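Visitor: Okay, here's the prediction I keep looking at, along with the sequence it came from:
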Amino acid sequence: MKKLTILLFVLIFNCVQAAPTSVDTPQNNLTKTQALYLKLLSGPSPDTAGLTLFANMLPKGGDLHHHFSGSMYAETYLDWVKENSLCIFKITDTYLNAQKFHVFTESQKLSDAQRAICLTVDEVLRDDSFYRDLLMEWSSKDYANHYHAQTPPDMHFFDTFKFFENITPYGYRSGLELIKSRAKAENVSYLETMLKIAPLTSSPDLTAIFKKLNKDPSELEIQNTFTQAYAYLQNNRNSNDRIEEYLQSIESVSSDLDDADFRLRFIAYTARLSAPEDVFSRLYAAFVAANRNSKIVGVNIVGPENNYVAMRDYALHMRMFAFLKKQYPSVKLSLHAGELALGMVPPEGLRSHITQAVLIAGANRIGHGVDIAHERDAPELLNFMASNGIALEINLTSNKDILGIEREAHPISIYRKFKVPFVISTDDSGVSRNNLSGEYVIYMRNYRPSYEELKTTVYNSIRFSFLSQEEKQTELKKLTQKFSEFEARMAMMPQ
């Protein structure tokens, strides 16, 4: 019996030794993943369903261009309206100060006449036609897939924010928790979001400082104005108090959100549609906040770039960034720039916005950058961005919805040729009703990057994030491990 047992052991051992080499080595997994990916892309029409599964499972690193308010789906805002016993006007009535689809946040002040035309969420949901129309007003849902009365696409996109901007503060914490949950569900481990605008300090004294600027001020006059405004805000108690409140609010809504698999950071921002003194005031607060709190990793400027005030004051805004960057050199800048298309503004309006953001303001990253082909000295600018590691945040759905720029018309091909680093991001996924996986599907389907380039794009979302170097190294190691696990799973997929 003992001899038989030994014989069986020897036979089993020899069989195991003679078996083919396992195919689950990292290199074999990588090879199989590459083959699967190429197959999904092959032919005149890529396998979009297969790419969707691939993208959902793909580790995606970070989302670096993300607006909190625009990332909430309309359905979430309705939840917040209900939780806080608010109501939504079903018609427009100027006499009653009612605007259709707008939320009234002071229910205790409703007159009887207003109450009769202000619906609870339950009433909204019982009226399917009104509910569907509300979703289309509060987002880009069904904007392009059937005929209906509609405003221009860029106006429709930016107009959505007026419906829910007064609801957003009701859900800062729960919204961040939802964003985290959704991010982790689609293998996103890091997020930089623009949560709330930096605080404004408004005063006649500050206005008077900027009133001294004439229509065509010299550089010396501009710098003197900034110097005076900066000194005023530094010594203004109201400004300091507002910044402190802003910092405390960021801390309170974000406490304990980071964990082993997810990090959340914030971008402070100003708006480009206001008077120069207001833009500068908020920008000052944003720089101070970012300089004082490690959770606030950068500064930005938002608003439709083709707006009259935004176009008129663009160069002045870039000089504000440059001035404050000198005061706070460690603060990183991610600037919306070049979110324009031919016909939105006169041709000369397309010639220098990215250039000014990079060379004057000192941007570390550019958001959108769609009008690059129209920029004066574009090749030189692209080479500068490539050699200095100034990354581009590409928002494919947003660019299609707002600018009508997609597929071959999108300048992603230009940036790729000039080797400018870029990342794929969402912008306003709630308004666009998409997510980061969906953005990657568009990237893969329309531009067919190699698997190596796809991985580089994902890794760029950590390399060009505004995390500290130590944090980046930690996240990159995690990402490498996630790709190893992902490729092992892809190797088991039917080829």
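Guide: Structure received.
Visitor: Can you give the contact residues for the longest strand seen in the chain?
Guide: In the chain, taking DSSP state E as the definition, the longest strand is strand 263-271. Counting contacts by Cβ atoms under 8 Å, 6 or more residues apart in numbering, the residues outside strand 263-271 that touch it are 176, 179-180, 189-195, 197-198, 246, 250, 254, 257-258, 279, 282-283, 285-287, 289-290, 295-303, 334, 465-467, 471, 475. Placement of C-beta: from N, CA and C, glycine included.
Visitor: What residues sit buried inside it?
Guide: Arg263, Leu264, Arg265, Phe266, Ile267, Ala268, Tyr269, Thr270, Ala271 (16 or more other Cβ atoms under 10 Å).
Visitor: Roughly how far does the last one sit from Gly349?
Guide: Noted for Ala271: a distance of 19 Å to Gly349, by Cβ to Cβ, to the nearest Å.
Visitor: Output the helix or strand where Asn224 lies in CSV, but only the C-alpha positions, please.
Guide: Using DSSP states H and E, the element containing Asn224 is helix 219-234. Presented in CSV, the C-alpha positions along helix 219-234 are these (Å, rounded to 0.1, in the frame of the first residue of the first chain):
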residue,chain,number,x,y,z
GLU,A,219,0.9,97.5,-17.6
LEU,A,220,2.2,99.7,-14.8
GLU,A,221,-1.3,101.0,-14.1
ILE,A,222,-2.7,97.5,-14.0
GLN,A,223,0.0,96.3,-11.6
ASN,A,224,-0.4,99.3,-9.3
THR,A,225,-4.2,98.6,-9.2
PHE,A,226,-3.5,95.0,-8.2
THR,A,227,-1.0,96.0,-5.6
GLN,A,228,-3.5,98.4,-4.0
ALA,A,229,-6.3,95.8,-4.1
TYR,A,230,-4.1,93.1,-2.7
ALA,A,231,-3.0,95.3,0.2
TYR,A,232,-6.6,96.3,0.9
LEU,A,233,-7.9,92.7,1.0
GLN,A,234,-4.9,91.5,3.1
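Visitor: Where does pLDDT dip in this structure?
Guide: In the predicted model of the chain, residues 1-23, 142-152, 154-159, 162 satisfy pLDDT under 70.
Visitor: Show me how it divides into domains.
Guide: The record assigns the chain these domain ranges, following automatic domain parsing: 74-164, 181-489.
Visitor: can I get these in CSV with distance to Asp63?
Guide: Compiled in CSV, the domains of the chain are given as follows (distance: least, Cβ to Cβ, whole Å):
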stretch, distance to Asp63
domain 74-164, 17
domain 181-489, 5
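Visitor: Could you identify which of those domains is most buried?
Guide: Of all the domains of the chain, domain 181-489 has the most neighbours on average by mean count of other Cβ atoms under 10 Å, namely a mean of 19.
Visitor: mind checking how far that domain is from the chain centre?
Guide: Here domain 181-489 is found 8 Å from its chain centre; the criterion is Cα atoms, centre = their mean, to the nearest Å.
Visitor: gap between the two ends of it?
Guide: Counting by Cα to Cα, to the nearest Å, the length from the leading to the trailing residue of domain 181-489 is 22 Å.
Visitor: Likewise for stretch 414-433?
Guide: Distance across stretch 414-433, first residue to last, is 27 Å (Cα to Cα).
Visitor: for stretch 308-320, same thing?
Guide: Stretch 308-320 has an end-to-end distance of 18 Å (Cα to Cα).
Visitor: I would like the residues contacting it, please.
Guide: With Cβ under 8 Å, 6+ apart as the criterion, stretch 308-320 contacts 222-223, 226, 272-274, 276, 279-280, 283, 301, 303-305, 345, 349, 353, 356-357, 360-361.
Visitor: let's see it at 7 Å
Guide: Residues from elsewhere that reach stretch 308-320, judged by Cβ atoms under 7 Å, 6 or more residues apart in numbering: 222, 226, 272-273, 276, 279-280, 283, 301, 303-304, 345, 349, 353, 356-357, 360-361.
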